[in-house]
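Colleague: Build the 3D model from these lines:
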Amino acid sequence: MNTILVIDDDESLRDTIGLMLEQEGFRPLLAADGKAGYERALAAKPDLILVDLRLPGMSGVEISKQLRAGNVNTPIIVLSAVGEEVDKVLLLEIGADDYVVKPFGARELLARIRAVLRRTSPERKVAQFGEILIDFERRVVTRNNDPLKMTPAEYNLLTYFLSNPDRPLTRDMILNSVWGYESFPNTRTVDAHVVKLRQKLESDPNSPKHFLTVHGVGYRFLP
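Modeller: Below you'll find the predicted structure:
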């Protein structure tokens, strides 16, 4: 489970982001001002930091600069308000990995978070269940050492299940996390893609052991 530190002085927004992250399988840490956020970043060593550009006590720019000066390479996404000029060159100079302009939608923010986490993953990772092996760095899925052809949506759905084992997932949660904010398929899209995963990855697609239906909710993945 990835830990994400949210540093924002807007209590309502901070709590909303924290709740959203928790629902999506992340562990949120919340800080209300720059100094407290900076100290939390050093102590908790989160997997990613969301930081407002303008904060009381210590700005998002200063937090980023000081973390990088101290050789802390935690990925950083800067949150900026509408009308604030965000200089991409400046962001690179201070060591930020991306930025999102407020107001933003949940899908947009989640898509940015997942993209940055994928880009900054420090080491090659492999997962396995049953006869299936997944190489995350190479984006290769094999069954008994034979490569499987998978569409980008199928692969992204698989990795989402893998990151949320033994957890009931609603169709809306899956849509928001896998398809992102730029496309809006309906919940039948989820069902169709789960069928595809079962056909490719289950020993008996008609009696699945890994991709289980949770009636009235959605799906659960059992490794």
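Colleague: What residue, apart from its backbone neighbours, is nearest Leu201 spatially?
Modeller: Ile132 (5.3 Å; CB to CB, 6 or more residues apart in numbering). Where you see a C-beta, it was placed from the backbone N, CA and C, and this is true even at glycine.
Colleague: got the buried residues for stretch 16-26?
Modeller: Ile17, Gly18, Met20, Leu21, Glu24, Gly25, Phe26 (16 or more other CB atoms under 10 Å).
Colleague: show me where the chain has strands.
Modeller: With DSSP state E as the criterion, the chain has strands at 3-7, 27-31, 48-52, 76-80, 98-101, 126-129, 132-135, 140-143, 146-147, 169-170, 211-214, 218-221.
Colleague: Go ahead and name everything in contact with stretch 211-220.
Modeller: 161, 166-171, 173-174, 190, 194, 197-198, 201-202, 221-222 (CB atoms under 8 Å, 6 or more residues apart in numbering).
Colleague: Show the end-to-end separation of that stretch, please.
Modeller: 6 Å (CA to CA, to the nearest Å).
Colleague: just stretch 26-34 next, same as before
Modeller: Terminal-residue distance, stretch 26-34 (CA to CA): 22 Å.
Colleague: Also stretch 172-186?
Modeller: 9 Å.
Colleague: How is this structure divided into domains?
Modeller: 3-119, 126-221 (automatic domain parsing).
Colleague: deepest of those domains, which one?
Modeller: The highest average neighbour count among the domains of the chain, using mean count of other CB atoms under 10 Å, belongs to domain 3-119 at a mean of 17.
Colleague: Nearest residue to the residue nearest the centre of the chain in space, please, no chain neighbours.
Modeller: Central residue of the chain (CA atoms, centre = their mean): Arg114, 3.3 Å from the mean position. With sequence-adjacent residues excluded and distances taken as CB to CB, 6+ apart, Arg114 is closest to Ser177, at 7.3 Å.
Colleague: State the distance from Val72 to Met150.
Modeller: 36 Å (CB to CB, to the nearest Å).
Colleague: should've said Leu222
Modeller: 20 Å.
Colleague: ok, and the helix or strand in the chain with the lowest average confidence?
Modeller: Least confident element among the helices and strands of the chain, by mean pLDDT, DSSP states H and E: helix 88-94 (a mean of 64).
Colleague: Check what pLDDT the closest residue to Thr74 other than its chain neighbours gets.
Modeller: Leaving aside its sequence neighbours, Thr74 sits nearest to Ile49 (CB to CB, 6+ apart; 5.6 Å). At Ile49, the model reports a pLDDT of 96.
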